[in-house]
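**Q** Just need the structure, nothing else, for what follows:
(chains A and B)
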Amino acid sequence: MRSIRLAGLGVRMALSGGRASLTRMALMALSLAIGVALLLGALSVGPATGARRARDVARGGQVAQPSAPIQDVTFRWGGASTRFEGVAIPLFLLRGVGNAPVPPGIPALPRPGEAYVSPALAALLDGPDGVLLRPRIPGNVVGTIGDEGLLFDGELYGYVGAPASFPAARLAIPEVSFAAVEGPTSDLTFTALLILCVFVLGLLLPVGLLIVTTTRLSAATREARLAAVRLAGATQSQVRLLAAAESALASVVASVVAWPLFLLGRIVVSKFTIFGYRWFPGDFAPPPVGILALLLGLPLFTVLVTTLGMRRLIVSPLGVARRTRRHRLVPLWPALLVIGLLGLAGSSAFSDAALRLPTPLPGVLLAGSLTLLLAGLAGTVPALGRFGAKALARWGPTPSVLLGARRLESEPTSASRVVAGVTVLLALVGMAQALALSALSGTSSIEMRPWASALPAATVFVSSINGHDRSGAFEVLRTVPGVRSVSMRSRIPTGGHGRAGSRAEVLTDGDPATVERIRNELAWVADAETLDELRASYGGSKEALRTSRMMNFVTVLVLLVTAASLLVSTVDGMMERRRPMAVLSAIGVPLSVMRRSVFVQIAIPLAAALVLGVASSLVVVALLFRANGETVVYPFGPLALTAAAVSVMVVLVTAIALPWASVARRPELLRNA
Amino acid sequence: MIEIGIEWSEARIAPPEGALLVATDLHKRFGRSTALAGLSVEVRGGEVVAVLGPSGSGKSTLLLCLAGIIPPDQGEVVYRGRTLASLSDANLTKLRRDEFGFVFQFGQLVPELTAVDNVSLPLRLAGLRRRDATTRAREWLVRLDVEEVADQRAGEMSGGQAQRVAVARALVTGPRVVFADEPTGSLDSLNGELVMDLMVGAARDQGTTVVLVTHEARVAAYADREIVVRDGSLAATAGS
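**A** I've put the predicted structure just below:
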């Protein structure tokens, strides 16, 4: 009871500390809320992939036994599937026999001349580009497919009633049911899972930095307040309880604010295609156990962090002292780095099939290795920065370098911790970009292949399979507006398929509409024969562009949050050191020297961060690619760009923070020195 | 720059000079409280002046105004014929670095710098090479009997040691004036006497003027002249 009353006092103290105190509380609660929202998102990944997979399995159907009589079945044929502006559109012809099962999401099987399409496909057909796609949909749209029959919001998908004239022999194996069955819980590939882990960690990192920064805001003022409470008779443990109450309050507020952020976040995420995967917002539903653990765990976690943060703080009635320790390069951090690297190399040996086993082990190992690696990086950089600072202080070429380096050597500042986070950012960007390049080359983007650069940009390849001669159909393409020439090829290098059949190289005017007209022409003229190679060179580049834009968006977002943390911690660091700065000013240290010393405190860890971040990123990329037996694609360009952006951001933010140096050195503080 | 300082230091062995520092009709308020209310004072070259008075009388504010650290609301401080208010921030900073030295109650060393770094800092700011500045700083640490803490940081020293390092920092550039605000306030009587002996002795050796704020009579006894401040005004003067 006494503890509760004391905690209540702590809460009142936090709320009655004026505008600065309330701002600090709000910032702390907001940063925690963003963290909780991200964790809710991370908890939802499993359920989301499971829900998506369940819908996929259900609409995939179950085939009839070969010996079973043909009754109460639905025949389905996917040969009408097509692509539009690089996006795949699965289209299925359906024909029912007897009491035919109906695929999920539609009320009944479409009759001949009818079609059910997804809402996104309906919108596309009704839109200005619809005219280029309409010829490939042989039927009137009589309804849209419900969410239960689609994999994600915005999927382009359709069912068409098979025309009566359509040869029954061409219809595929009959489906007897579209009910959901027990099956693998995830359809994510290893690369996709890795990218997802990198993304979640990449977003959690700056938020973690923000949380650390906000909890350390106005630390000296808060500590002085705690000393005053000690003077009034509080014990050391009571003081800790008072401090913990403030953190617990922030975490309770954060638990409430996190939900609207999470709900908004899942809507935003559902709008993005991440390497071919998309979801409905509702798929992101964290398990109740996870929610409960998070809601109960957050206040406990914040109280624990606050208490641990105060373990070296001696709050006495006369003031606050800190138990100092000699900083050494703690072997724990490099050890974590090595363990993370080894774990990552080990986990990359898992095949995609292993990931589909009903065990979370591969995912846990992967995410765990990445977390260890990133934690090792984040911990190693400040230690390296301190060593650099020590060496530089011994050399001490100028007073500003001496002041900055000695400050950094004696205690890593909050700002230097934020800069250390930049290492992790660099490593993540490098990994993500390399994986993106790898994933894109894996999806047969022609321009990723070395020989593609020698071809004209507007070249389209068409081919048939199964040895059928479709050269006649391809010749017809000469009449398509926008087609300049059609060259028949006996064999073209398509990346290893090497199947026999008609193949043609079609030179177009480069207009994407021409490619769609070619598809329209071939959709039905080719006697419903499947065309397995119809790829426009711009198709890959569009996908690459979209992916690159998304990565850049995330990188910029992370940079902005990091910049905010850096600004807050740099300014707060200066304001907390007002007295020493006022003394420096009194003894004749020019403002310019003080400003440069602030720069030095940022520049040293930044240099360490850039070196370690880039190096670790390249090592991880090499490890992952070699483990998968792929040619290593080093992301030099994106890494250099990110390193430059990070450096510019750090310099700019520090420059923005510098005017506070003149405020911080105001000499009034010396009146009672 | 520093060579000029050395010449000054040698030239200063020949006091007494005329009025080095003249404050006229100083007024200063902080919010609603009045710290200085029309105080005028004159400090001659080479003398040791003690400013006495009860807590809150305006002693420290007077010292900070005389040193050009805070500007008075009204009145002026003239140092060697130059009005401090007319100097730019950069020139004031240079003046404090080259011609003034400071000792505060708690030493106020830069916490992350070692003793030798703290003492050599003003010399390096004045343009002296690192090696020369360090050598000079170590000489002063020996002179003030704190050479054993040369490579330690402020937090690793005792209060008396930190205060002697602060005195070394104040005197190392050979300043014309040392401003000391309660220099023994945080020390026991033995350490307090030691610091005062060393500070005043070294200052007199090089002809440095000392303006000393204190409320202790035994500290004021080191001074040639005493100024008593009460409620922001000059209450009395004593001495030569």
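**Q** Apart from its neighbours in sequence, what residue is nearest residue A:163?
**A** Of all residues not flanking residue A:163 in the chain, residue A:112 sits nearest, at 5.0 Å (C-beta to C-beta, 6 or more residues apart in numbering or on different chains). C-betas here are computed from N, CA, C, even on glycine.
**Q** Let me know how buried that neighbour is, in neighbour terms.
**A** Using other C-beta atoms under 10 Å in any protein chain shown, residue A:112 has 16 other residues around it.
**Q** And residue A:130, by the same measure?
**A** Residues near residue A:130, counting by other C-beta under 10 Å, number 15.
**Q** Now it. Nearest residue, chain neighbours left out?
**A** Closest to residue A:130 by C-beta to C-beta, 6+ apart is residue A:124, at 6.0 Å.
**Q** what's across from the residue positioned nearest the centre of chain B in the sheet?
**A** Geometric centre of chain B, nearest residue: residue B:179, 1.9 Å, by C-alpha atoms, centre = their mean. When assigned by DSSP bridges, residue B:179 has beta-bridge partners residue B:102, residue B:211.
**Q** my guess is it contacts residue B:104, does it?
**A** No. Applying C-beta atoms under 8 Å as the test, residue B:179 and residue B:104 come out as separate, 9.0 Å apart.
**Q** hang on, the earlier thing: need the pLDDT of the residue nearest to residue A:130.
**A** As summarised for this prediction, residue A:124 has a pLDDT of 90.
**Q** list the contacts for the residue of chain B found nearest chain A?
**A** Nearest to chain A, among the residues of chain B, is residue B:97, at 2.4 Å (C-beta to the nearest C-beta). Residues near residue B:97 by C-beta atoms under 8 Å, 6 or more residues apart in numbering or on different chains: A:587-589, B:122, B:125-126, B:173.
**Q** Please identify the helix or strand for it.
**A** Using DSSP states H and E, residue B:97 sits within helix B:89-99.
**Q** what residue ranges in chain B are flagged as low confidence?
**A** The model of chain B has pLDDT under 70 over residues B:1-18, B:106-107, B:238-240.
**Q** That one against chain A: which residues are in contact?
**A** Proximity of chain B to chain A, by C-beta under 8 Å from any C-beta of the partner chain, involves residues B:30, B:35, B:60-61, B:64, B:67, B:69-70, B:89-90, B:93-98, B:100-102, B:104-106, B:108, B:110-114, B:117, B:121-122, B:124-125, B:130, B:153, B:155, B:169-170, B:181.
**Q** let's see it at 7 Å
**A** Residues of chain B found near chain A (C-beta under 7 Å from any C-beta of the partner chain) are B:60-61, B:64, B:69-70, B:90, B:93-94, B:96-97, B:102, B:104-106, B:108, B:110-113, B:117, B:121-122, B:124-125, B:130, B:153, B:155, B:181.
**Q** Out of those residues, which sit inside strands?
**A** B:102, B:181 (DSSP state E).
**Q** And the strands in chain B?
**A** Remark: strands assigned in chain B by DSSP E are B:19-30, B:33-44, B:48-52, B:74-79, B:82-83, B:100-103, B:177-181, B:209-213, B:225-230, B:233-239.
**Q** List just the one of those that sits closest to residue A:634.
**A** Evaluated over the strands of chain B, closeness to residue A:634 peaks at strand B:100-103, with 56.1 Å, by C-beta to C-beta.
**Q** which outside residues touch that closest one?
**A** Strand B:100-103 is contacted from outside by A:586-587, B:67, B:166-167, B:170-171, B:173, B:175, B:177-180, B:183, B:199, using C-beta atoms under 7 Å, 6 or more residues apart in numbering or on different chains.
**Q** Return it as PDB; C-alpha atoms alone will do.
**A** C-alpha atoms of strand B:100-103 as PDB (Å, rounded to 0.1, in the frame of the first residue of the first chain):
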ATOM      1  CA  PHE B 100      42.100  37.000 -16.500                       C
ATOM      2  CA  GLY B 101      42.200  33.900 -14.500                       C
ATOM      3  CA  PHE B 102      39.300  32.300 -12.600                       C
ATOM      4  CA  VAL B 103      39.000  30.100  -9.500                       C
END
